[in-house]
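Asker: what's the 3D shape of this:
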Amino acid sequence: MKHIQDTPWWICDPEETNYCTYSDTDSIYMHAEPLLRFRHDNFDKMNAEEKDNALESIAMEYEGVVTKSYDKLAKDVFRADEHRLEMKTECVIRSAYFRATRRYAQWITKQEGIVNETLDVKGLEFKKANFPPVLGRFFKKALVDVLKGATQAEIDDRLKIFKKQILDGSISLTELGNPQAVKKLKKYTARKARAGEMFSVMEKGAPAAVKATVVYNDLLRFWGLHKKHASIAQGDKVKWIYLKQNPYQVDAIAFLEWDLPEKMRIFIEQYADRKKIFESILLNKLEGFYSDLGWTLNLNPYQQMFFNL
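Answerer: This next block holds a predicted model:
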């Protein structure tokens, strides 16, 4: 393929580096900074808006070059005199985070020539319906800040503050609970609790939300609260949380936000494992995020001191 205005491919690519950042179906994302630097000697002095405009201008030039190459492709490869292939600049992205196929976030500044700043997120964990909203909001804010230039030290500081708020009870358990619809409740209940038994017997492989639901229903019945308060039924949307060591030896419990008996609320507040909620849900996801950025996640300042001795 020929390249416009004496800008050969190898000028931006002396080591044959692949500047294709991501591709999917009929879309391709290109890292354009090397080309911008080649075309603009004053690149480092340009502000963000000027860089966006320069990038869009170059992209529109290449639209024509690539579209014309389709004519040759159609004729030489497919023996076709006509085709419907066309290259189009969809958006200008100032920064982006690509986790895997169809799992990414991008800070879009222009779409089809119109200034329209927006965060476009696809497939990342915090967007899923079963991710606790308060943890999702923190993750999203951290992601946005990183895309806009926040340092690791800044994100670390916010994470430490957020962890403290979770552990000291500043954030309610209704916000921390995993939201989920209860499915296959009967399938995974081997048999209900018999006379003298407290808990039902579960089938192997029962999902955490189902086991937590059965624990709630069994405790509701055991405490004699089932006549005044609704049991969780198939299809109900619940929140479920991890529990610390407790008198009933259960590791998780679900609950209905709209009908939570006071005795159940006190039990959940007393034995909620806030540390496990933070570590297993948010911290686990953040470790992957940090790793992708080349960062090391360490919330214990004394750990690094120990290894540096």
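Asker: which neighbouring elements make contact with the helix or strand that contains Gly136?
Answerer: Taking DSSP states H and E as the definition, one finds Gly136 inside helix 133-147. In terms of contact count using 3 or more CB pairs under 8 Å, 6 or more residues apart in numbering; DSSP states H and E, helix 133-147 is assigned the packing partners strand 91-100, strand 103-111, strand 114-122, helix 152-167, helix 173-176, helix 284-292. Every residue, glycine included, has its C-beta placed from N, CA and C.
Asker: next, the angle from the helix or strand hosting Asn53 to strand 91-100.
Answerer: Assignment of secondary structure by DSSP H and E places Asn53 within helix 48-78. Angle, helix 48-78 to strand 91-100, by axes from the mean of the first three to the mean of the last three CA atoms, to 10 degrees: 70 degrees.
Asker: and helix 48-78, what's buried?
Answerer: Of the residues in helix 48-78, Lys51, Asp52, Asn53, Ala54, Leu55, Glu56, Ile58, Ala59, Glu61, Tyr62, Ala74 count as buried by neighbour count, 16 or more other CB atoms under 10 Å.
Asker: give me the angle between that helix and strand 114-122.
Answerer: Using the same axes, to 10 degrees: helix 48-78 against strand 114-122 is 70 degrees.
Asker: packing partners of helix 48-78?
Answerer: Under the contact criterion of 3+ CB pairs under 8 Å, 6+ apart, helix 48-78 touches helix 33-39, strand 91-100, strand 103-111.
Asker: and that helix, how far from the chain's centre?
Answerer: 32 Å (CA atoms, centre = their mean, to the nearest Å).
Asker: report the angle between that helix and strand 103-111.
Answerer: Between the axes of helix 48-78 and strand 103-111, defined by the same axes, to 10 degrees, the angle is 110 degrees.
Asker: break this protein into its domains for me.
Answerer: 9-123, 127-171+276-307, 174-272 (automatic domain parsing).
Asker: can I get the ones you listed in JSON lines with mean pLDDT?
Answerer: Putting the domains of the chain into JSON lines (pLDDT from 0 to 100) gives the following:
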{"stretch": "domain 9-123", "mean pLDDT": "85"}
{"stretch": "domain 127-171+276-307", "mean pLDDT": "87"}
{"stretch": "domain 174-272", "mean pLDDT": "95"}
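Asker: quickly compare the helices and strands packed on helix 48-78 and say which is most buried.
Answerer: Burial among these, expressed as mean neighbours by mean count of other CB atoms under 10 Å, is greatest for strand 103-111, which shows a mean of 19.
Asker: re earlier: pull out the buried residues from the helix holding Gly136.
Answerer: For helix 133-147, a neighbour-count test (16+ other CB under 10 Å) marks Val134, Leu135, Gly136, Phe138, Phe139, Lys140, Ala142, Leu143, Val146, Leu147 as buried.
Asker: same thing with stretch 266-277?
Answerer: Within stretch 266-277, the residues that qualify as buried are Phe267, Ile268, Tyr271, Ala272, Asp273, Arg274, Lys276, Ile277, counting by 16+ other CB under 10 Å.
Asker: between the residues you listed, which is nearest Thr109?
Answerer: Set against Thr109, the nearest of these by CB to CB is Ile277 (36.0 Å).
Asker: burial count for Trp240?
Answerer: When neighbours are defined as other CB atoms under 10 Å, Trp240 has 25 of them.
Asker: hmm, Ala209 and it touching each other?
Answerer: Yes: using CB atoms under 8 Å as the test, Trp240 is close enough to Ala209 to be in contact (5.3 Å).
Asker: quick one, what contacts the closest residue to Lys51 other than its chain neighbours?
Answerer: Counting by CB to CB, 6 or more residues apart in numbering, Lys51 lies nearest to Leu36, which is 6.6 Å off, once chain neighbours are set aside. Under the criterion of CB atoms under 8 Å, 6 or more residues apart in numbering, the contact partners of Leu36 comprise Phe43, Lys51, Ala54, Leu55, Ile58.
Asker: tell me which two in those are the farthest apart.
Answerer: Farthest apart among the contacts of Leu36 by CB to CB are Phe43 and Ile58. That separation is 12.0 Å.
Asker: contacts only, for Tyr70.
Answerer: When the contact criterion is CB under 8 Å, 6+ apart, the partners of Tyr70 are His83, Leu85, Glu86, Met87.
Asker: mind giving me the ChimeraX select for those, buried ones only?
Answerer: The following ChimeraX command selects only the buried members of those, with burial defined by 16+ other CB under 10 Å:
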select :87
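Asker: in CSV, list the contacts of Tyr70 along with secondary structure.
Answerer: Putting the contacts of Tyr70 into CSV (DSSP: H, G, I helix; E, B strand; the rest coil) gives the following:
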residue, secondary structure
His83, coil
Leu85, coil
Glu86, coil
Met87, coil
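Asker: of the contacts of Tyr70, closest to Leu176?
Answerer: Using CB to CB, the contacts of Tyr70 come closest to Leu176 at Met87, 46.9 Å.
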